[in-house]
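Novice: Kindly generate the corresponding structure for this input.
(one chain, ligands or ions: 4)
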Amino acid sequence: MPEPSSPDPGKPEIYDLHCHSTASDGSLSPTAVVQRAFERGVTALALTDHDTTAGLAEARLCATAAGIKLIPGIELSAQWQKQCFHIVGLGIDPDYAPLAEATHLLQGTRMCRAEKIAEKLAQKHIPGALEAVMKAAGDGMVTRSHFADFLVAGHHVDSQQDAFDRYLAKGKPAYVATPWAELAQAVAWIIESGGVAVLAHPLRYNLTANKMKKLLAVFKEAGGQGMEIVTGRISPDEIRRAAHFAKSFGLSGSMGSDFHSPDQWVELGRLAALPTGIQPVWELLD
Ligand code: AMP
Ligand code: MN
Ligand code: MN
Ligand code: MN
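Specialist: Residues are numbered from 1 along each chain as shown. Ligands and ions are numbered 1, 2, ... in the order given. Coordinates of the predicted model:
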């Protein structure tokens, strides 16, 4: 547990508003994520596990001890026009009943999908996936990252990315279409729980400019207020593109590493500044 520190009013906050723990597909416990963020100078952290808030209580305890501000978050999987998008909820209330029910149902959805992915892998002569991913996920959400790790460990692929490219991504042999909630529903759960809905890593969906504009219009109409502009692996040119979309649609800008594990080169809190002229999403948080 880090030593408590008192916030220095003269110092700017260092934000990281997107990261994962063992409650989903991160490799560090919520405590270890908060500790690592603290050690890297982050002063305001949102833990945003996939479809679950189960890590927030533990993260809160550690954050209080360390003197870091913990923003309760989630990264909800949602669908729009048959594509999956990730919506980050910031400042949510994990006890808000419809959101809590949704995460409970999503656990079942993810388990069901995992069984089907494992069946598909078995058909490709790769047995034992379900047992392995359930063991790896423990009490946390089962994700495709767990399958990717299993495929790497069994030397079926060279890397996590290779696992997606050869087996797990859309159109690949072990891909399973999943009935995620509609985008507008996911946004509603976040807003109604008191949170701000932020479109995660908007440039990672490979959308044409036209489709991106349609998506942002639908997202905004549903009550979405922000989009990620600075993410862990983004070029200055991509930051400019994302900022352009945010300005056109009157969306605030968020920044988050999408940290999953110390093995990745994405690190907590190591993020470029938001471009000028973009309203920081944290100004919308209490
Ligand atoms: P899911 O279980 O479908 O929510 O996937 C969880 C994780 O898989 C996310 O954290 C992504 O980082 C990762 N992921 C999803 N699609 C890809 C992809 N095409 N290539 C690499 N990683 C991916
Ligand atoms: Mn993930
Ligand atoms: Mn995501
Ligand atoms: Mn993420």
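
Novice: What residues does the protein have near ligand 1?
Specialist: Contacts of the chain with ligand 1, taken as C-beta under 6 Å from any ligand atom, map to D25, H50, S77, T143, R144, S145, Q161, F164, A169. Where you see a C-beta, it was placed from the backbone N, CA and C, and this is true even at glycine.

Novice: Going through those residues, which ones are buried?
Specialist: Neighbour-count burial (16 or more other C-beta atoms under 10 Å) applied to the residues of the chain next to ligand 1 gives D25, H50, S77, T143, R144, S145, F164.

Novice: which of the residues you listed lies closest to ligand 4?
Specialist: Looking at those and their distance to ligand 4, the nearest is H50, at 6.7 Å (C-beta to the ion).

Novice: beta partners of the closest one?
Specialist: H50 has these beta-bridge partners by DSSP bridges: E75.

Novice: how about it, what does it touch?
Specialist: Contacts of H50 were listed using C-beta atoms under 8 Å, 6 or more residues apart in numbering, and they are H20, S24, D25, E75, S77, M141, T143.

Novice: how about a cut-off of 10 Å?
Specialist: With contact set as C-beta atoms under 10 Å, 6 or more residues apart in numbering, H50 has these partners: 20, 23-26, 74-77, 86, 103, 106, 110, 140-145.

Novice: Also T208?
Specialist: With contacts defined as C-beta under 10 Å, 6+ apart, T208 is in contact with K214.

Novice: Need the pLDDT of it.
Specialist: Model confidence at T208, expressed as pLDDT, equals 97.

Novice: go on, the one 5 residues further on?
Specialist: We note a pLDDT of 98 for K213 in this prediction.

Novice: cool, and the one 5 residues further on?
Specialist: Per-residue confidence for V218 comes out at a pLDDT of 98.

Novice: From the rest of the structure, what touches whichever strand or helix holds it?
Specialist: When elements are defined using DSSP states H and E, V218 is found to belong to helix 209-222. When contacts are defined by C-beta under 10 Å, 6+ apart, helix 209-222 is touched by residues 78, 80-81, 83, 85, 87, 182-188, 190-191, 197-199, 202-203, 205-208, 224-227, 241-242, 244-246, 248-251.

Novice: Go ahead and flag the most central residue of this protein.
Specialist: To find the centre residue of the chain, average its C-alpha atoms and take the closest one (C-alpha atoms, centre = their mean): that gives E75, at 4.1 Å.
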